[in-house]
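Student: Whatever this is, show me its structure:
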Amino acid sequence: LTRSLCSHWLRLPANSRPAGSSLLIVGRMAASQLASTDEASQRRNRVYTVPNAITAGRLVAAPCVAACVLSGSYAPAAAITLAAGLSDGLDGWIARRWPSQRSLLGSLLDPLADKTLVAALSLSLGYVGLLPAQLVALYIGRDLLLIGGTVAATVTGGGSDLLAKAQEVQPLTISKANTALQLATLGGALCCPLIGAPFDAAPLQLLWWMSAFTTGLSGLGYALHSQVLEAQQRLSAKPVKSAAPEAEAPEPAVKTPA
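Tutor: Predicted coordinates:
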């Protein structure tokens, strides 16, 4: 923005260039742009933040909870799942409350931790017969398609260095609701052997259908969202052809109200 403002300033006739307060406004716009650029650069380089530590703990918890399920230790598995679900909201709240705790790495790790936890729980619960195989396949398949599509789009877009091309991830609202429903479904399945309830009880079946619906809907939402972003990138990268050489183009007239 700063470069474009300076370029536009130089192209204007001397008697049409803004002065005084108008020049001050241009300077403030340039300073604001520089400040936002500096903040974005700092956010990209931040690693050691409290939300990142919480998210890393959720990543470590995924194999632990799967091991508990496979060994029949359902009470510790349920406790870990509850703590992980609460931490998912805590790290996001901290990042929103204190902007200095926001980071590019955190925006990438948070959905990765969610997907890892859901995958570990669904696979282990499906293996011990506490979750339908169809639901496990839907959970895992949707996440694999999203991850594969993201990597493929980055590589085909000329990005051999994925981290250098990475942008801050903003999850869709339906995706947040889907993660909450998935964790509720998995937590409910963990509670069945603890309270002696059948794994296909009516409340759990309702959670199955709700989470299956939001899983498919969020996958469709991300697919449509990525297509819109690709179309915007193609339009912004398309060169604009001028009708005449720049030297012969007339300078724009400055219109004043009558």
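Student: Does anything pack onto whichever strand or helix holds residue 79? Which helices or strands?
Tutor: Using DSSP states H and E, residue 79 maps to helix 74-97. Helix 74-97 sits against helix 50-70, helix 104-127, helix 173-195, with contacts defined as 3 or more C-beta pairs under 8 Å, 6 or more residues apart in numbering; DSSP states H and E. Every residue, glycine included, has its C-beta placed from N, CA and C.
Student: list the buried ones in the first one?
Tutor: Taking 16 or more other C-beta atoms under 10 Å as the basis for neighbour counts, the residues of helix 50-70 that come out buried are 51-52, 54-55, 58-59, 61-62, 65-66, 68-69.
Student: Which of these lies at the shortest distance from residue 184?
Tutor: Each of those was scored against residue 184 by C-beta to C-beta, and residue 65 proved nearest at 15.1 Å.
Student: Just list the residues touching the nearest residue to the closest one once chain neighbours are set aside, thanks.
Tutor: Nearest in space to residue 65, with sequence neighbours left out and distances taken as C-beta to C-beta, 6 or more residues apart in numbering, is residue 80 at 4.5 Å. Neighbouring residues of residue 80 by C-beta atoms under 8 Å, 6 or more residues apart in numbering: 61, 64-65, 68.
Student: Now render these as TSV, adding pLDDT.
Tutor: Output for the contacts of residue 80, formatted as TSV (pLDDT from 0 to 100):
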residue	pLDDT
61	94
64	95
65	96
68	96
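Student: and which of those residues is nearest to residue 194?
Tutor: Closest approach to residue 194 among the contacts of residue 80 (C-beta to C-beta): residue 68, at 12.3 Å.
Student: Double-check that closest one against residue 74; I have them as touching.
Tutor: Yes: between residue 68 and residue 74 a contact is recorded at 7.3 Å, counting by C-beta atoms under 8 Å.
Student: picking up where we left off before, can you tell me which of the buried residues of helix 50-70 lies closest to residue 134?
Tutor: residue 69 (18.8 Å).
Student: so what's that closest one up against?
Tutor: Taking C-beta under 8 Å, 6+ apart, we find residue 69 in contact with 77, 121, 124-125, 128, 130, 190.
Student: State the distance from the residue nearest to residue 118 when sequence neighbours are not counted to residue 94.
Tutor: Residue nearest to residue 118 in three dimensions, not counting chain neighbours: residue 182, with 5.2 Å by C-beta to C-beta, 6+ apart. Distance, residue 182 to residue 94, by C-beta to C-beta, to the nearest Å: 23 Å.
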